[in-house]
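J.: Requesting a structural model of the entry that follows:
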Amino acid sequence: MSLSIALTKGRLEKKTIEMLDQVGYGTQNLKTKGRTLVFEDTLKPVQYFLAKSNDVLTYVDHGVADIGIVGKDTLMERGSTAYELLDLEIGKCRFCVASLPEKKLLKKTGHIKIGTKYPRVAREYFLKQGIDVEVIKIEGSVELAPILGLADGIVDIVETGTTLKENGLVLLDTVCDISARVIVNKASYKLKREEVLQFVQDLESVVKLRADKNR
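T.: This is a model prediction of the structure:
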């Protein structure tokens, strides 16, 4: 029985292909894709397709894809009905709170404004802190929001923190660490359990091997 797997385009796509290569999957069609949208594995009964992260969730939730590989940030913001089975430990970064240093954001009393691409994550974080927050959804460079006075601070994904420093912002807190996850459609997990678990175990072996090397 074949598997359909949705991969997130871009950086995660490349890192996932590297992992699949390590455990004997035939990813040649993915590497020479051109404008093709759907790709057959050359060695195993697996079909891949590439999508934006939000669409990966949609395809998996609706059963078009049995399995998806997507960032934890997308899962936290969008939510999903799928099972989350494995942390691939690639695409690592953090959800962070940042602001201009003079704002003293987390010590302010009363109402604050937060700019972010992730309103659900931001709202839940400040709710747990007991802070009255107005979340402003921003699609572009969120660092602009506090600089131009639209918001008191931001919640954003941070990898190195260089962009924040270059714009005069300081890190105040880490909401949580994020990385790529393997998710599985609930029906597929029942109907294709053996194939799904084999795929997960294959990738898990790469995760463990890398962890052993880093010890």
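
J.: CA atoms for contacts and neighbours, from now on please.
T.: Noted.

J.: Now tell me what touches the longest helix seen in the chain from outside.
T.: Across the chain, the longest stretch assigned as helix under DSSP state H is helix 193-213. Residues outside helix 193-213 that contact it (CA atoms under 8 Å, 6 or more residues apart in numbering): 1-3, 19-20, 22-23, 67, 85-86, 88-89, 182, 184, 188-189.

J.: Just those: which are in helices?
T.: Members of the contacts of helix 193-213 lying in helices (criterion: DSSP H): 19-20, 22, 188-189.

J.: one step back: could you export the longest helix of the chain as PDB, CA atoms only?
T.: Output in PDB follows, covering the C-alpha atoms of helix 193-213 (Å, rounded to 0.1, in the frame of the first residue of the first chain):
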ATOM      1  CA  ARG A 193      -0.600   1.700  10.100                       C
ATOM      2  CA  GLU A 194       2.200  -0.600   9.200                       C
ATOM      3  CA  GLU A 195       3.400   1.600   6.300                       C
ATOM      4  CA  VAL A 196       3.100   4.800   8.400                       C
ATOM      5  CA  LEU A 197       5.000   3.400  11.300                       C
ATOM      6  CA  GLN A 198       7.800   2.100   9.000                       C
ATOM      7  CA  PHE A 199       8.200   5.600   7.600                       C
ATOM      8  CA  VAL A 200       8.300   7.100  11.000                       C
ATOM      9  CA  GLN A 201      10.800   4.500  12.300                       C
ATOM     10  CA  ASP A 202      13.000   5.100   9.300                       C
ATOM     11  CA  LEU A 203      13.200   8.900  10.000                       C
ATOM     12  CA  GLU A 204      13.500   8.300  13.700                       C
ATOM     13  CA  SER A 205      16.700   6.200  13.100                       C
ATOM     14  CA  VAL A 206      18.300   9.300  11.400                       C
ATOM     15  CA  VAL A 207      17.300  11.500  14.400                       C
ATOM     16  CA  LYS A 208      18.800   9.000  16.800                       C
ATOM     17  CA  LEU A 209      22.000   8.600  14.700                       C
ATOM     18  CA  ARG A 210      22.500  12.400  14.600                       C
ATOM     19  CA  ALA A 211      21.900  12.700  18.400                       C
ATOM     20  CA  ASP A 212      24.500  10.000  19.000                       C
ATOM     21  CA  LYS A 213      27.000  11.800  16.900                       C
END
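
J.: Just give me how far it sits from the chain centre.
T.: 19 Å (CA atoms, centre = their mean, to the nearest Å).

J.: And the ones in helices among the contacts of helix 193-213, which of them are buried?
T.: 19-20, 188-189 (16 or more other CA atoms under 10 Å).
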